[in-house]
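Colleague: build me a model from this:
(one chain, ligands or ions: 1)
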Amino acid sequence: MGILGAGVGWNLVRQGAEVVFIDAGQPGEGVTNWTFSWVNASNKTVRKSYFDLNVAGIAAYRELATTIGPDSWWYPSGHLRWADDPAVEAKFLRTAELLADWGYRVEVCTGAEVRRRLEPALTMPGETPVLFYPDEAWVHGRNLVGRLVGQAVAAGAEHRFGSAVRDIGTGADGSIRTVALSDGSSLDVDVVVNAAGPSASHVAGLVARPLPMRREPGVVTRISCAQVPFHRVMHAPHIEIRPDGDGSVLLHSREIDALIDTIEDPAELGRLLHASARHVVPELGDSRIVQTRVANRPIPADTFPSVGALPSVPGYYEAVSHSGITLGPVIGRLLASEILTGKRDEMLADFRPERFSP
Ligand SMILES: Cc1cc2nc3c(=O)[nH]c(=O)nc-3n(C[C@H](O)[C@H](O)[C@H](O)COP(=O)(O)OP(=O)(O)OC[C@H]3O[C@@H](n4cnc5c(N)ncnc54)[C@H](O)[C@@H]3O)c2cc1C
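Modeller: Numbers count the residues shown, from 1 in each chain. Okay, the predicted model is just below:
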């Protein structure tokens, strides 16, 4: 049960549906716990409808934080991005202009201003342009999933944790009827939501549904320090870095992801991330690596989310997406509404599961 399954289930329970959460492991311990977890739309300019969905994702987080309270999972402190290469810097500035044209809030600061106003512990040249996206955030995914599932269970949802879905049974008309679990039990159901993250293709296969996905692993490292010396999620040159709660920092880099197939030992990848982070934030000099993990991104083949009903298998729905952290609450709300009312929201028009039908 990651952010997507928890989001759909929580919304269904609030509207009176009977829900059973099923997870082969424990809630929130899949890729939702091994992610950079940056809530944003500034990195989603590839298609306007995708950008709009991500903007709705940020708005859905603000609403959720008001509804359930923000404690220990919601950190809306904005996002900083800068480069050390003139060509990359020019690209970032062009993107910021486009985003401003689309009505998305962005401030262009200098390194000196950022150190004075926002993050004194950073080392960047004083004259470097730094983009500040004030409406972006980071989320503690595992804590949020725990909160959503906990509330849903308190409101009557059932759960089967530690049990994998082994089979999905359909009736003579092809509609969903049963789910068989690895503990030998079977559930009678009307609806199945495939929110299995990187394993979604396998679960789709249980109803003979092809869901092509990319292989795009990423590596993240958690480090511990006495006190986190900065406040917000950042894309610095060569390293992405964010707080991860008390005394914990999380590191990621697309450049290090590109080494996953050549450097076999994840610990070595972690050491490279740690070295880059200490370069940007020297106060992390005393920090130590706690854990490094390679995780698969749940990315449908064309890179966009797959969300909604599959008309050829009545009762089968998908909630599969990269950027699932940003999109979790909005997908949860839209898909729960579609399941209960049958109405398809226009916002998901470009992200329908049937585009992968043979
Ligand atoms: C390195 C990296 C960086 C990322 N950075 C960002 C970011 O900055 N911003 C962002 O928005 N997104 C980011 N993402 C993507 C984001 O983390 C995911 O899209 C999101 O966490 C997916 O959540 P999920 O609920 O689909 O999957 P998961 O959290 O993996 O949950 C799926 C659950 O399904 C269970 N499951 C699987 N198969 C079965 C089965 N057969 N039976 C029962 N249970 C099963 C698993 O145990 C798991 O708990 C990143 C991902 C990676 C890897």
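Colleague: make it CA atoms for all contacts and neighbour counts henceforth
Modeller: OK.
Colleague: what about the strands in the stretch 251-358 of the chain?
Modeller: 288-296, 306-309, 316-320 (DSSP state E, counting those that start in this stretch).
Colleague: nearest to residue 200, out of the ones you listed?
Modeller: Proximity to residue 200 (C-alpha to C-alpha) singles out strand 316-320 among these, at 6.9 Å.
Colleague: may I have the strands that pair with that closest one, each with its orientation?
Modeller: When sheet partners are counted by DSSP bridges, strand 316-320 sits next to strand 192-194 (parallel), strand 306-309 (antiparallel).
Colleague: which of those sits closest to the ligand?
Modeller: strand 192-194 (8.4 Å; C-alpha to the nearest ligand atom).
Colleague: after that closest one, next one along is what?
Modeller: Next in sequence after strand 192-194, counting helices and strands by DSSP states H and E, comes helix 200-205.
Colleague: mind listing residues that contact the helix or strand just after that following helix?
Modeller: Using DSSP H and E, the helix or strand that follows helix 200-205 in sequence is strand 217-224. For strand 217-224, contacts defined as C-alpha atoms under 8 Å, 6 or more residues apart in numbering pick out 34-36, 247-254, 256-257, 260, 266, 269-270, 273-274, 287-297.
Colleague: mean confidence score for strand 217-224?
Modeller: If you average the pLDDT over strand 217-224, you get 98.
Colleague: check whether the next helix or strand after that strand comes near the ligand.
Modeller: Downstream of strand 217-224, the first helix or strand assigned by DSSP H and E is strand 233-236. No: contact of strand 233-236 with the ligand (C-alpha under 6 Å from any ligand atom) is absent, the minimum separation being 9.3 Å.
Colleague: the longest helix in the chain is where?
Modeller: helix 48-68 (DSSP state H).
Colleague: need the helices for this protein, in chain order.
Modeller: Counting by DSSP H, one finds helices in the chain at the ranges 3-14, 48-68, 86-101, 111-117, 141-154, 200-205, 254-257, 266-280, 324-341.
Colleague: thinking again about what came up before, angle of the longest helix of the chain against helix 86-101?
Modeller: 70 degrees (axes from the mean of the first three to the mean of the last three C-alpha atoms, to 10 degrees).
Colleague: tell me which residues in helix 48-68 are buried?
Modeller: 49, 50, 51, 53, 54, 55, 56, 57, 58, 60, 61, 62 (16 or more other C-alpha atoms under 10 Å).
Colleague: ranking the helices of the chain by burial, who's on top?
Modeller: With neighbours defined as mean count of other C-alpha atoms under 10 Å, these peak in mean count at helix 3-14, which reaches a mean of 25.
Colleague: re the thing from before, can you redo the helices of the chain as CSV with mean pLDDT and distance to residue 175?
Modeller: Below are the helices of the chain laid out as CSV (pLDDT from 0 to 100; distance: least, C-alpha to C-alpha, whole Å):
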stretch, mean pLDDT, distance to residue 175
helix 3-14, 98, 20
helix 48-68, 98, 29
helix 86-101, 98, 43
helix 111-117, 98, 56
helix 141-154, 98, 26
helix 200-205, 98, 14
helix 254-257, 98, 40
helix 266-280, 97, 43
helix 324-341, 98, 14
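Colleague: what would the ones you listed look like in CSV with distance to residue 126?
Modeller: Formatted as CSV, these follow (distance: least, C-alpha to C-alpha, whole Å):
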stretch, distance to residue 126
helix 3-14, 38
helix 48-68, 31
helix 86-101, 15
helix 111-117, 4
helix 141-154, 34
helix 200-205, 46
helix 254-257, 25
helix 266-280, 13
helix 324-341, 31
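Colleague: with distance to the ligand added, can I get those in CSV?
Modeller: Shown next, in CSV, are the helices of the chain (distance: least, C-alpha to the nearest ligand atom, whole Å):
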stretch, distance to the ligand
helix 3-14, 4
helix 48-68, 9
helix 86-101, 17
helix 111-117, 22
helix 141-154, 7
helix 200-205, 6
helix 254-257, 8
helix 266-280, 12
helix 324-341, 3
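Colleague: of the contacts of strand 217-224, keep whichever come out buried.
Modeller: By 16+ other C-alpha under 10 Å, those give 34-36, 248-253, 256-257, 260, 266, 269-270, 273-274, 287, 289, 292-297 as buried.
Colleague: and the pLDDT for residue 357?
Modeller: For residue 357, the predicted pLDDT is 83.
Colleague: could you report the distance from it to residue 310?
Modeller: Going from residue 357 to residue 310 by C-alpha to C-alpha, to the nearest Å gives 9 Å.
Colleague: settle it for me: which of these two has more neighbours?
Modeller: residue 310 (19 against 11; other C-alpha atoms under 10 Å).
Colleague: next one: phi and psi at that one?
Modeller: phi -110, psi 100 (degrees, to the nearest 10).
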